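S.K.: Quick one, structure for this:
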Amino acid sequence: MRVRALRAFAALVISAYAACTWAQLPTYGDGSEADVYYYAANETADQVPVNADQNGTIFPSTVGEDAAAFDMEEEGDGAYEPGIVDPSSEIADGGDSCCDPSCCSGDCDSCDSPASRNPCHGWWGRGEYLMWWMSGAIAPPLVTTSPDNTPIADAGVLPDAEILFPVERLGIDGRSGGRITLGHWFDECESWGFEGNYWGLDKGGSSFQASSDTDGSPVLARPFVDAATGLEDAFIVSYPDVFAGSITVASSSDVMGAELNLRHAVLGNRWARFDLLAGYRFVKVRESLSVFENQISIDPGSQIPLGTQFSIQDDFATCNEFHGGQVGMILQKEICRWTIEGTGKVALGSWNQEARIGGFTRVTVPGVPTVTDEGGILALGSNSGKFNRNRVAAIPEAALNLRYQLNSIWKVNVGYTFLYLQRIVRPGNNIDRRIDTNQIPPPIAAGAFPEFDFKESDAWLQGVNVGLEARF
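M.R.: Okay, the predicted model is just below:
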């Protein structure tokens, strides 16, 4: 049984190799062979030509074949160089004509393999759909709850309270995007060229919303650490018969990038090549995290007038912009009409890190004009403002692509990309839970907490790409 299986496998491999070899031999529109023909020195075109296969083996051509059907270049001494299929004739496989790459010593790749590079097409462009994921961002506990019968002093206080948000990393869902690539070879041998691309993703993020009934149930709270005591505490958003309220948390993430590289072929032949590249890389990551609460007093016996409404918002935003130089390598292997391409790059440059923190508190007492103060709960006078600095970092990338040649112009492409973002600033990392309650609007006194301090973290992007490439 094993012997039969091995024989069947061997037959399959031989058949596949034969099909591949045949696919690499161009033909005229009528199906006749169009191999390169050689002529001995000083022989005339009406003598019987000889064929050369891809391994260089010489064998007689069909006697009586019309030698005039082949294009030959005559040297000054009367000798004939290897002829190339007449550019006006169609190649049956793909329907495109073959160009004469005179700089390549008469070796016409586009005639020998429909899947290989065509020196007539110096430009190429590629459009791709991206489905990528970004590593989720972390954030401290922002919303908690407790049973309705919990004493108000203990409601929402960690560690006994239940965390409602976040319960996982933020922005872990996949997001769609696109990438456009354009390149050009400076010479017909495709040894020097350039390529650039631009890519971007849809905004990703996470959101949460919770609200109480008009009677204040269930309990909603915002946990914090009291800077004066170092103990856990919580601000009440809703509590039965005291406050009714709602809270909304929203995060967003926007990522884009571009690069421009000079590309040089170091090693290669018609079936494989190894290129080096060097150029410039740009990446931009913008993220935000906002907390908004709205509450109303429902306790007639409270010192707070019945119906007093509080609207409080905290905003945290970051922007990371990378500029740097990059080097890399590309390895390609062609198998019939298939091309496998592996790419590795690393960029070294600088992140411009920016963080913005702000908030407000708006109080509306029935019959009294609304009063608005700067500062919320997590964003107060001690940490609000705009902060900026630069940090050196590296961005490595790895990609693997598989392409199929439809004809000498069009290819379809599917691949995978992994991009590592070192030392970026994200909103949740820069939230300080320590709060000096004297700063809560309207502030009683200045305080040191919460404080701002740049806190970095690494992130990654990875996903699949599907697209179409054209040579022109």
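
S.K.: Mind jotting down where the helices sit in the protein?
M.R.: 2-24, 109-112 (DSSP state H).

S.K.: looking at those, which one has the lowest mean pLDDT?
M.R.: The stretch with the lowest average pLDDT out of the helices of the chain is helix 109-112, scoring a mean of 40.

S.K.: tally of neighbours for L158?
M.R.: When neighbours are counted by other Cβ atoms under 10 Å, L158 registers 17. The C-beta positions use only the backbone N, C-alpha and C, and glycine is treated the same way.

S.K.: For it, give me phi and psi.
M.R.: The phi/psi pair for L158 (degrees, to the nearest 10) reads phi -80, psi 150.

S.K.: Contacts only, for it.
M.R.: Residues in contact with L158 (Cβ atoms under 8 Å, 6 or more residues apart in numbering) are 141, 144, 223, 232, 234.

S.K.: With V464 instead?
M.R.: Applying Cβ under 8 Å, 6+ apart, we find V464 in contact with 130-132, 414-417.

S.K.: got it, and L402?
M.R.: L402 sits next to 338-341, 413-415 when contact means Cβ under 8 Å, 6+ apart.

S.K.: From those residues, pick the one nearest L260.
M.R.: Nearest to L260 among the contacts of L402, counting by Cβ to Cβ, is E341 at 18.9 Å.

S.K.: I figured V219 was touching V242, is that so?
M.R.: No: assessed by Cβ atoms under 8 Å, V219 is found out of contact with V242, at 9.8 Å.

S.K.: any common contacting residues for those two?
M.R.: Common contact partners of V219 and V242 (Cβ under 8 Å, 6+ apart): I236.

S.K.: Show me which of the two is the more surrounded one.
M.R.: Set V219 next to V242 and count neighbours by other Cβ under 10 Å: V219 wins out with 26 against 20.

S.K.: State the distance from that one to D373.
M.R.: Distance from V219 to D373, counting by Cβ to Cβ, to the nearest Å: 26 Å.

S.K.: quick one: low-confidence parts of this structure?
M.R.: Applying pLDDT under 70 to the chain picks out residues 1-121.

S.K.: at 80 what do you get?
M.R.: For the chain, applying pLDDT under 80 flags the ranges 1-121, 270.

S.K.: Show me how it divides into domains.
M.R.: For the chain, the domain assignment from automatic domain parsing gives the residue ranges 26-112, 123-471.

S.K.: what's the most buried one of those domains?
M.R.: Most buried of the domains of the chain, by mean neighbour count (mean count of other Cβ atoms under 10 Å): domain 123-471, with a mean of 18.

S.K.: now do the same end-to-end measure for that domain.
M.R.: 6 Å (Cα to Cα, to the nearest Å).

S.K.: residues in contact with the nearest residue to E168 once chain neighbours are set aside?
M.R.: In this structure, E168 finds its nearest non-sequential neighbour in G136, 7.0 Å apart by Cβ to Cβ, 6 or more residues apart in numbering. Neighbouring residues of G136 by Cβ under 8 Å, 6+ apart: 168-172.

S.K.: Most widely separated two among the residues you listed?
M.R.: Spanning the widest gap among the contacts of G136 are E168 and G171, at 10.1 Å by Cβ to Cβ.

S.K.: Is N401 in contact with V466, as I believe?
M.R.: No: look at N401 against V466 with Cβ under 8 Å: they stay out of range, at 10.3 Å.

S.K.: Mutual contacts of those two, please.
M.R.: Between them, N401 and V466 share the contacting residues 413-414, judged by Cβ under 8 Å, 6+ apart.

S.K.: Surely I172 and W132 touch.
M.R.: No: at 12.0 Å, I172 does not count as touching W132 under the criterion of Cβ under 8 Å.

S.K.: Now do the contacts for E293.
M.R.: Residues in contact with E293 (Cβ under 8 Å, 6+ apart) are 222, 237, 245-248, 310-313.

S.K.: Return the distance of it relative to E168.
M.R.: E293 is 22 Å from E168, by Cβ to Cβ.

S.K.: repeat for S408
M.R.: Between S408 and E168 the distance is 49 Å, computed by Cβ to Cβ.
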